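Colleague: Next comes the sequence, and after it the predicted model I'd like to discuss.
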Amino acid sequence: MRYLVLGSEGQIGKPLVSFLRGLGHEVEEYDIKRNPIEDLRIINTSLEAKAIFHAKLKKTDFIFFLAFDVGGSKYLKEREGTFNFIENNIKIMANVFANIKKYNKPFIFTSTQMSDMTHSSYGNAKLIGEKYTLSLKGLYVKLWNVYGPETNVEADRAHVVTDFINMAKHDGVINMRTSGRESRQFLYVEDCCEALFELSKKYDSVPRNKELHISSFKWHTIEEVAEITSELYNCVYTKGNLKDIVQLNLKYEPDTFILKYWQPRTSLTEGIQKINDTISKR
């Protein structure tokens, strides 16, 4: 298979590229971080960008659509309601889906569990992506707080697990912004890559009327993440007083239908340890 990974330098995209190549597949990468010309916002307005993107599409068997303007909770708190954030993501989706339609390529669009949270501009944008996907008979998945090693990530884009590890490693103390009582379901990135690959293999047989939630299906509080990380790095953590304004403490159970095709394997403790091991080898 020849895969095209849109967002190939991202938190999930980069490990996915390595995962697919490790299985012997050919992978085309596409990310604005690789080259400014690989900006999905301009593929319909720049002749050079259009030529590059169309060349990759023509020789691709399957597309993973991961590209999005997004980051961790700090980034979303500051940006998701802004004009630029909304415009960036609408442009990315409109351009990419139009070209997927043109070339009639099979694809998976990565959405989020927050697409069910109407207060969130990020969730609303992903919901639009889900509607696009259904109109093209593709597959979309709802990702639940995927985490893993993050390299060269901008400070305000870091996700909570990476954020805590960086604080523990460099500052000797983990300063939570909230009380830590809010709960999340965290999924290690390797498990996520396996899920995406399994769905791509079974693409034609997966029902389009079922919700595909890629999650660990286990709840953990943010304080638990701090506890596990502080024990690993032998440091302390402090609690903050900010409210969870990104998800507003909203909580619902993910649909378990995906377990018919794939099972998560990595516990939160194991995942944090794996990130530490990766960092230690650099």
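Modeller: Noted; the coordinates are in hand.
Colleague: Helix, strand or coil: sort out Thr45 for me.
Modeller: coil (DSSP: H, G, I helix; E, B strand; the rest coil).
Colleague: Based on its surroundings, how many neighbours for it?
Modeller: 11 (other CB atoms under 10 Å). In short, each C-beta sits where N, CA and C put it, glycine included.
Colleague: What residues does it make contact with?
Modeller: Under the criterion of CB atoms under 8 Å, 6 or more residues apart in numbering, Thr45 has no neighbours.
Colleague: measure it to Phe83 for me?
Modeller: 19 Å (CB to CB, to the nearest Å).
Colleague: try Ser111
Modeller: 22 Å.
Colleague: between the two, who's got more neighbours?
Modeller: Shown here are Ser111 and Phe83; by other CB under 10 Å, Ser111 has more neighbours (26 against 7).
Colleague: which element is the more buried one on?
Modeller: Taking DSSP states H and E as the definition, Ser111 sits inside strand 107-112.
Colleague: From the chain's centroid, how far away is that strand?
Modeller: Offset of strand 107-112 from its chain centre (CA atoms, centre = their mean, to the nearest Å): 9 Å.
Colleague: now stretch 176-195
Modeller: Worked out by CA atoms, centre = their mean, stretch 176-195 lies 11 Å from the chain centre.
Colleague: So which bits of that stretch are buried?
Modeller: 176-178, 180, 182, 184-195 (16 or more other CB atoms under 10 Å).
Colleague: Scan the protein for its longest helix.
Modeller: helix 83-103 (DSSP state H).
Colleague: so where do the helices sit in the stretch 51-200 of the chain?
Modeller: Counting by DSSP state H, counting those that start in this stretch, the stretch 51-200 of the chain has helices at residues 73-79, 83-103, 121-135, 160-170, 189-201.
Colleague: Give me the distance between the two termini of stretch 181-190.
Modeller: Length of stretch 181-190, first residue to last, CA to CA, to the nearest Å: 27 Å.
Colleague: Can you give the contact residues for it?
Modeller: 11-12, 15, 19, 113, 143-149, 160-161, 214-223, 225, 244, 247, 249, 251, 254, 264, 266, 268, 270-271, 274.
Colleague: Looking at those, which are in strands?
Modeller: Per DSSP state E, strands hold the following members of the contacts of stretch 181-190: 143, 146-147, 214, 220-221.
Colleague: From the residues you listed, list just the buried residues.
Modeller: Using 16+ other CB under 10 Å as the threshold, 143, 146-147, 214, 220 are the buried ones among those.
Colleague: Present those residues as CSV; the columns should include pLDDT and distance to Phe64.
Modeller: Compiled in CSV, those are given as follows (pLDDT from 0 to 100; distance: CB to CB, whole Å):
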residue, pLDDT, distance to Phe64
Leu143, 96, 12
Val146, 94, 13
Tyr147, 93, 18
Ile214, 98, 12
His220, 95, 27
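Colleague: could those residues be laid out in JSON lines, adding distance to Ile279?
Modeller: Listed next are those as JSON lines, based on distance: CB to CB, whole Å:
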{"residue": "Leu143", "distance to Ile279": "23"}
{"residue": "Val146", "distance to Ile279": "18"}
{"residue": "Tyr147", "distance to Ile279": "13"}
{"residue": "Ile214", "distance to Ile279": "24"}
{"residue": "His220", "distance to Ile279": "21"}
